[in-house]
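1. Quick one: sequence and predicted model below, then my questions.
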2 protein chains.
Amino acid sequence: MSLLVVGSVALDGIETPFGKVDKTIGGSGTYISFSSSYFAPKVNLVAIVGYDFPKEALAMLNQHGIDTSGVQIKEDRKSFFWKGKYYHDMNSRDTLVTELNVLADFDPIIPEKYQDCEYLMLGNLAPKTQQTVINRLRKRPKLIMMDTMNFWISTALEDLLQTLQMVDILSINDEEARQLSAEYSLLKAAKKILTMGPKYLIIKKGEHGALLFHKDQIFFTPALPLEDVFDPTGAGDTFAGGFIGYLAQTEDISFENMKRAVVYASAMASFCVGKFGTEGLIGLSQEAILNRVREFVDLVQFEIVMA
Amino acid sequence: MSLLVVGSVALDGIETPFGKVDKTIGGSGTYISFSSSYFAPKVNLVAIVGYDFPKEALAMLNQHGIDTSGVQIKEDRKSFFWKGKYYHDMNSRDTLVTELNVLADFDPIIPEKYQDCEYLMLGNLAPKTQQTVINRLRKRPKLIMMDTMNFWISTALEDLLQTLQMVDILSINDEEARQLSAEYSLLKAAKKILTMGPKYLIIKKGEHGALLFHKDQIFFTPALPLEDVFDPTGAGDTFAGGFIGYLAQTEDISFENMKRAVVYASAMASFCVGKFGTEGLIGLSQEAILNRVREFVDLVQFEIVMA
């Protein structure tokens, strides 16, 4: 089933203890699209870039089966640019530069041929923009998932709370869950957030894994222990893309299948952090992905016989 | 099979955001003994206390089937006292007071009836003292597990490296693993530590779970998400006690069984942190423990069919 991805497509500057890149392609829409392309039969991307966005990057997205005819190109503006620096523990980062550029007044136009989407993934964008996307779809998708970030919780809470009422799944990190709920315990935070609209909640904990909540059910998956984490940029978006891509591929939105989706999502995130920028997500084989999933099974599965 | 536990039996002062106790029983030997007593057929404890250690506490250990005839009582000295303060995230703490008292010149005397132990758990003590225990056992136990801490890595590294050569399993936390190996990646740290003597390594990550390493195998279990963590004191020792207690109960030291032991160990740790001091470990029913293990199974198990 076709998946519609709306998010930023950007240029990133990244500095980690292991290296530095001045300008590489990034943005939530980019990571989500690459990651989901390994699963979803069809990925359609709505985004906006400027004149400085490399044509080869769009071609690379196309090579992964991603339709980029919904990516607006503003010939007189620059692309969204973000620059960040990570320290040794890779769990925290400093944002050094944020230049909104084309993103400042992004009007998400949905091409007619994208209207039939069954799955919608709203990457991190202004909550109002996320609402506009949902309102412009004539038929409500079967499943709507959204990401957001601390910035919108701080500056556009009312809009965000409205958007939350319109979606099925919210994906955020642990700090954002705490901020949104005003609860320190993630369990209490999840209970509160599940009353705000979404029926499912994913809390991403970076190298410490991810939690999926639905009613009274909880599922946890760790991040795969890796010898080297080069660059965590995009890991959360890659996770989201793998998750919704797997659901779109299997056309099964039961909680049991969402557990599997979380495992595939974690596997995709492990590819992301192993290289700089989007590099780890380019040209993966199905075999490589399955092997990574097998590593997860070995890592967490145990046999227990209980009375 | 009988388990010999050697560790500190102490008085603790604890302050967390949820409360404060001036003096409660604690120490690695205490937590390990209580936790393992739910599994191991016989738990024998070697430790030392002063005149101020409450007789009711020893009686409570006895009520849990723990033999305390190996606990030396120094009528002219005070018990080991530790006081610590936790902050909101509960992952870091400040040590406010450490009074070694009786522990300063602890000579671990092994009662004759403890000589037949098959399982030995060396709680956090001076590495030389841990060596003395092993050397005083006429028959090497089937399995020797030890814990240690940053203090010994900093101040008695040579002794510690000698002790590591004598044991089968080392249990430490993530920061200690990094300090001991001089590697930031826990995977690299584990590889290095497994060349130092122990065939098995457990790295405890507090609320982020625990990893078990053996050769090229890794097993991970999360900590159970809890609404309230009141006091993390002793959680690592409780984990260790549950782990080795389960092995002693099942008499199976295969890696597959160690995975189950890690799950039981995590379940026990979740009881520990839910109340102050040792309170959460007192008088648990087998049913309560099994229910906690079931929660773990629900939390992490998924079904996946792979080609």
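-> Everything's here; your move. Numbering: from 1, shown residues only, chains lettered A, B, ... in the order given.

2. Those residues of the stretch 51-200 of chain A touching chain B, which are they?
-> Residues of the stretch 51-200 of chain A lying near chain B by C-beta under 8 Å from any C-beta of the partner chain: A:88, A:184-188. From N, CA and C alone the C-beta is placed, and that goes for glycine too.

3. Lowest pLDDT pick from these?
-> The lowest pLDDT within those belongs to A:His88, with 76.

4. That one: what's its closest spatial neighbour, skipping adjacent residues?
-> Spatial nearest neighbour of A:His88, chain neighbours left out: A:Pro17 (5.6 Å); criterion: C-beta to C-beta, 6 or more residues apart in numbering or on different chains.

5. and that neighbour, what does it touch?
-> A:Pro17 makes contact with A:86-88, according to C-beta atoms under 8 Å, 6 or more residues apart in numbering or on different chains.

6. Let's see that with 10 Å instead.
-> A:85-90, A:229-230, B:184 (C-beta atoms under 10 Å, 6 or more residues apart in numbering or on different chains).

7. Run a quick neighbour tally on A:Gly19.
-> If you count neighbours by other C-beta atoms under 10 Å in any protein chain shown, A:Gly19 ends up with 10.

8. That one: what's its closest spatial neighbour, skipping adjacent residues?
-> Once flanking residues are discounted, A:Gly19 sits nearest to A:Phe276: 6.3 Å by C-beta to C-beta, 6+ apart.

9. and the gap between that neighbour and A:Arg294?
-> A:Phe276 sits 26 Å away from A:Arg294, taking C-beta to C-beta, to the nearest Å as the criterion.

10. And for A:Cys272?
-> Taking C-beta to C-beta as the measure, A:Cys272 falls 18 Å from A:Arg294.

11. So the two - more neighbours on which side?
-> Each of A:Cys272 and A:Arg294 has its neighbours counted (other C-beta under 10 Å); A:Cys272 has more, 28 against 13.

12. which residue packs closest to the residue in the stretch 101-250 of chain A that chain B sits nearest to, ignoring adjacent ones?
-> Nearest residue of the stretch 101-250 of chain A to chain B (C-beta to the nearest C-beta) works out as A:His208 at 4.3 Å. Closest residue in space to A:His208, ignoring its immediate chain neighbours: B:His208 at 4.3 Å, by C-beta to C-beta, 6+ apart.

13. Tell me if I'm right that the one you found and B:Pro222 touch.
-> Yes. If you go by C-beta atoms under 10 Å, B:His208 and B:Pro222 touch, sitting 7.3 Å apart.

14. Spit out the residues that contact those two alike.
-> Residues within reach of B:His208 and of B:Pro222 at once, by C-beta under 10 Å, 6+ apart, are A:205, A:208-209, A:222.

15. among the helices and strands of chain A, which has the poorest mean pLDDT?
-> Of all helical and strand segments in chain A, the minimum by mean pLDDT, DSSP states H and E falls on strand A:93-99, at a mean of 91.

16. quick one: which of B:His208 and B:Pro222 has more around it?
-> Comparing B:His208 with B:Pro222 by neighbour count (other C-beta under 10 Å), the higher total belongs to B:Pro222, at 22 against 18.

17. Cool, thanks, signing off.
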